[in-house]
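Participant: Can you look at this prediction? I've put the sequence above it.
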Amino acid sequence: MSDLREVLQENSYLRQKQLIFADCDRYQRARVSTLLSIAAAVAGADYDARGLTYEKLYEMREVFLLSRIALRIHRCPRALQVVDVTTWEDGVKAAHMQRVYEITDKEGLLVSIRSDWILVDPQTRRIMRPGTFTARELRSCPKAIDAPETRKILLPREGIEELGTRRVVWSDLDGNGHVYSGNYGDFVWDYLPADLQEKVPREFFINYSKEATLGQELRMVGYRRDSEYLMEGLGPEGVCFSAQCVF
């Protein structure tokens, strides 16, 4: 097999990835957690390739935190498949800096993703306006991306199911000391009803609200509505994440 490609252009970044068994579920389909992890990793790799590493952005006191993701699965990637992951910055919407993605193979589109990021001073944890970002001029994606808009996810007041608790353990954490954004996809799937765990969602949405750290217990609650399932993970200070699965 030839080396996996990496292509940096003025307003796009492409990186090839081969999915391995650990990226996939019992049916060798890419897990939602894998797709979330790819989105986070490729965003970082884009800026790394431009010389804007996490360390440099930290020194500038201008780092990104992922706020929301929306994805549409057109065809689910599978184990051992080599895919092209392309990402573009896509301007600003209110307090969010936006980034979009396409995951493709030789036959066309597999997954399309839209994401919202907030700009934060890593020392004070203060959220800053996108207009204060100085490291690079923000660009817009030159093409239409077939992904749903990100959304605020709220569970109804009545009819909520108690799903149990999920303690945050060492292997959940990333280098920032909190639960890695991609891992929440596995949190969701571990607490879905058994019949839905077997399915591939058409769309998936997640909001990241508060950091979950080592030893915290998340109270998991859910709500089933037609072909959708909504879920929240509640920590000691409120909602850590909320997710919506559309089947």
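Facilitator: Yep, it's here. Because the structure is predicted, anything quoted here is derived from the model rather than measured.

Participant: Could you identify the longest helix within the chain?
Facilitator: helix 32-49 (DSSP state H).

Participant: Would you mind identifying the next helix or strand past it?
Facilitator: Downstream of helix 32-49, the next assigned helix or strand under DSSP states H and E is helix 54-60.

Participant: mind listing the strands for the chain?
Facilitator: 6-9, 12-18, 63-73, 82-93, 96-105, 108-120, 127-128, 161-167, 203-208, 217-225, 228-235, 238-246 (DSSP state E).

Participant: and the last one, which strands flank it?
Facilitator: Spelled out, it's strand 238-246. Using DSSP bridges, strand 238-246 pairs in its sheet with strand 203-208 (antiparallel), strand 228-235 (antiparallel).

Participant: now the fourth one
Facilitator: Strand 82-93 pairs in its sheet with strand 12-18 (antiparallel), strand 96-105 (antiparallel), by DSSP bridges.

Participant: just those: most buried one?
Facilitator: Among these, ranked by average contacts under mean count of other C-beta atoms under 10 Å, first place goes to strand 96-105 (a mean of 21). Bear in mind the C-beta positions are built from the backbone N, C-alpha and C, glycine included.

Participant: and the angle for that one with strand 108-120?
Facilitator: 160 degrees (axes from the mean of the first three to the mean of the last three C-alpha atoms, to 10 degrees).

Participant: Just the CA trace of strand 96-105, in PDB.
Facilitator: Taking C-alpha atoms only, strand 96-105 is exported to PDB below (Å, rounded to 0.1, in the frame of the first residue of the first chain):
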ATOM      1  CA  HIS A  96     -18.900  30.400  16.900                       C
ATOM      2  CA  MET A  97     -16.100  29.800  14.400                       C
ATOM      3  CA  GLN A  98     -17.300  27.200  11.900                       C
ATOM      4  CA  ARG A  99     -15.500  24.300  10.200                       C
ATOM      5  CA  VAL A 100     -16.900  21.700   7.800                       C
ATOM      6  CA  TYR A 101     -15.700  18.300   6.500                       C
ATOM      7  CA  GLU A 102     -16.300  15.600   4.000                       C
ATOM      8  CA  ILE A 103     -15.200  12.000   4.300                       C
ATOM      9  CA  THR A 104     -15.100  10.300   0.900                       C
ATOM     10  CA  ASP A 105     -13.900   7.200  -0.900                       C
END
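
Participant: Report the distance from that strand to the chain centre.
Facilitator: Going by C-alpha atoms, centre = their mean, to the nearest Å, the spacing between the C-alpha centre of strand 96-105 and its chain's C-alpha centre is 10 Å.

Participant: pLDDT of it, averaged?
Facilitator: For strand 96-105, mean pLDDT rounds to 97.

Participant: Centre-most residue in the protein?
Facilitator: Centroid-nearest residue in the chain: L36, 3.6 Å away (criterion: C-alpha atoms, centre = their mean).

Participant: give me every residue that touches that residue.
Facilitator: 69, 71, 181-182, 184-185, 206 (C-beta atoms under 8 Å, 6 or more residues apart in numbering).
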